[in-house]
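In: Okay, here's the prediction I keep looking at, along with the sequence it came from:
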Amino acid sequence: MCLESALEGGASWWVAPSYKVAAVGWRQLRKLAQQVPDATIREGDRKVDFPNGGWFQVRSADTPDSLRGEGLNRVVIDECAFVAEATWTEAIRPALSDRKGDALLISTPKGQNWFWRAWIKGQEDGGEWKSWSFPSVSNPFLDPAEIAAAKQDIPERTFIQEYLAEFLPDAGGVFRKVAEAVDAGRKGPEPPVAGATYSMGVDLARVEDFTVLDVFDAAGRQVYHERFNQISWERQEASIARVSTLYNDASIHLDSTGLGDPIYERLRKSGVRVRPYGFTNASKEALIDSLAMKIEKGEVRLLDVPVQTAELQAYQYELTPSRNVRMNAPEGMHDDCVIGLALAAWGLSRPRQGVVLPTEPA
């Protein structure tokens with residue numbers, strides 16, 4: 001559609017939430033433009049000019065003010081739900097007015113935000129908006145077996161949005177069915193069973209945040225929770241080793257990012273069964289999604305710890321200034337209980353064959 005507009009002498013943009021996502025559109029548009037005689041491809045600007053005066057350009061919404069000032073015949077916004085509403089209302093929409101241009105807004109749903117409101121407009125008869133929704137099963141190039149496998153591997157909320165293209169009112173929350181997973185009145189700790197296998201998670205902190213120790217049994221029941229701060233690293237290491245020993249030398253997944261790395265090394269050299277878990281955006285997402293899926297499917301039972309329950313229920317998706325999506329605790333809240341719990345739950349099951357754990361060498 002962008003190329004069509006440009007070949008007719010018009011000006012068009014393909015806009016994406018970030019520079020990285022915009023690169024996907026640029027690769028495809030550039031490939032099309034290379035087939036047009038005398039087209040001028042300007043790699044640095046991600047722009048193509050045609051002999052008839054028409055042009056198209058791929059832009060990112062990282063800096064909305066840079067999108068002001070152009071008169072456009074057409075705009076396509078990719079992953080529109082992850083672009084700020086002000087970018088549309090204050091920059092892109094006015095750019096269409098001079099030439100009475102049109103827009104195509106494409107996205108996976110993300111809650112009931114401004115993209116949802118635009119979609120609702122398109123469902124009204126007689127308006128200037130039209131909207132459509134297509135689940136992944138309508139894509140003839142996707143194997144239905146892969147969709148069925150994804151339904152088993154990812155949280156229900158994620159599947160509904162990513163594969164069924166449905167808008168969810170509570171999509172800002174990462175964990176669902178938390179209350180159902182908590183055993184009311186079961187506070188713990190519970191004594192270890194001789195010969196039983198346990199999985200332990202450790203999220204480390206020194207002053208402002210909290211160090212959290214959590215333990216699950218092989219059946220997915222949380223049997224231990226401890227939360228403390230403002231104590232020395234030596235005492236923290238001793239507490240970690242003590243709890244691991246208490247629960248039959250429980251295997252530990254420990255946050256080894258930053259200051260956690262030397263603590264991991266000292267524990268390892270002391271003979272504690274510990275594995276490092278380094279945090280990146282991708283590994284954190286895998287860790288949190290794994291816990292969310294276990295909670296939704298009823299595969300874990302949680303102790304009745306109010307601060308832990310509150311952190312799980314408050315944990316949310318947020319959009320960074322660079323328009324990337326990340327999972328985090330709301331401003332002013334901690335996420336130590338969430339991370340400790342997720343690390344402990346990570347040890348309950350192995351991923352599907354062919355997937356490498358973030359803590360294992362490739």
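Out: Received, thanks.

In: In this structure, what helix or strand scores lowest on average pLDDT?
Out: Between all helices and strands in the chain, the lowest mean by mean pLDDT, DSSP states H and E belongs to strand 316-319, at a mean of 68.

In: Tell me which helix or strand comes right after that strand.
Out: Scanning forward in sequence from strand 316-319, with DSSP states H and E defining helices and strands, the next element found is strand 325-328.

In: Neighbouring strands of that following strand in the sheet, and parallel or not?
Out: strand 316-319 (antiparallel) (DSSP bridges).

In: ok, the closest residue to G220 other than its chain neighbours - how many residues close by?
Out: Spatial nearest neighbour of G220, excluding adjacent residues (C-beta to C-beta, 6 or more residues apart in numbering): V300 at 4.3 Å. Just so you know, the C-beta spots here come from the backbone N, C-alpha and C atoms, and that holds for glycine as well. Neighbouring residues of V300 were enumerated by other C-beta atoms under 10 Å; the total is 20.

In: what's near enough to touch G71?
Out: Taking C-beta atoms under 8 Å, 6 or more residues apart in numbering as the definition of contact, the neighbours of G71 are A11, A95, D98, R99.

In: distance of it from P94?
Out: With distances defined as C-beta to C-beta, to the nearest Å, the gap from G71 to P94 amounts to 10 Å.

In: Check the contacts of G71 against Q152 and report the nearest one.
Out: Comparing those against Q152 with C-beta to C-beta picks out A95 as the nearest, at 44.1 Å.

In: Pretty sure E180 is one of the things R301 touches, is it not?
Out: No: when contacts are counted by C-beta atoms under 8 Å, R301 is not listed as touching E180 (9.9 Å).

In: about what we covered before: now render the contacts of G71 as JSON lines, adding neighbour count, pLDDT and secondary structure.
Out: Conversion of the contacts of G71 to JSON lines gives the following (neighbours: other C-beta atoms under 10 Å; pLDDT from 0 to 100; DSSP: H, G, I helix; E, B strand; the rest coil):
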{"residue": "A11", "neighbour count": "22", "pLDDT": "95", "secondary structure": "strand"}
{"residue": "A95", "neighbour count": "20", "pLDDT": "91", "secondary structure": "helix"}
{"residue": "D98", "neighbour count": "12", "pLDDT": "88", "secondary structure": "coil"}
{"residue": "R99", "neighbour count": "14", "pLDDT": "91", "secondary structure": "coil"}
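
In: Tell me, what's the model's pLDDT at E90?
Out: pLDDT recorded at E90 is 86.

In: any idea how far it lies from V83?
Out: As for E90, its distance to V83 is 12 Å (criterion: C-beta to C-beta).

In: Of those two, give the one with the bigger neighbour count.
Out: Looking at E90 and V83 with other C-beta under 10 Å, you find the greater number of neighbours at V83, namely 26 against 14.

In: Can you give me every residue that contacts the closest residue to the more buried one other than its chain neighbours?
Out: Nearest-residue entry for V83: A61, 4.7 Å, with adjacent residues in sequence omitted and distances by C-beta to C-beta, 6+ apart. A61 is in contact with V15, A16, P17, S18, L67, I77, V83, A84, T87, R323, counting by C-beta under 8 Å, 6+ apart.

In: can you do 10 Å?
Out: 15-19, 21-22, 67, 77-80, 82-84, 87-88, 91-92, 322-323 (C-beta atoms under 10 Å, 6 or more residues apart in numbering).

In: can you check M293 too?
Out: If you count contacts by C-beta under 10 Å, 6+ apart, M293 has them with Q152, D153, I154, P155, E156, R157, T158, F159, E299, V300, A345.

In: Which of the residues you listed sits closest to G220?
Out: Each of the contacts of M293 was scored against G220 by C-beta to C-beta, and V300 proved nearest at 4.3 Å.

In: follow-up on the earlier one: for the contacts of M293, which single residue is the most surrounded?
Out: Most surrounded of those: other C-beta under 10 Å gives A345, at 26 neighbours.

In: What count of nearby residues applies to the closest residue to that one other than its chain neighbours?
Out: The shortest distance from A345 to any residue other than its chain neighbours is 4.9 Å, reached at L291 (C-beta to C-beta, 6+ apart). Per other C-beta under 10 Å, the neighbour tally for L291 reads 26.
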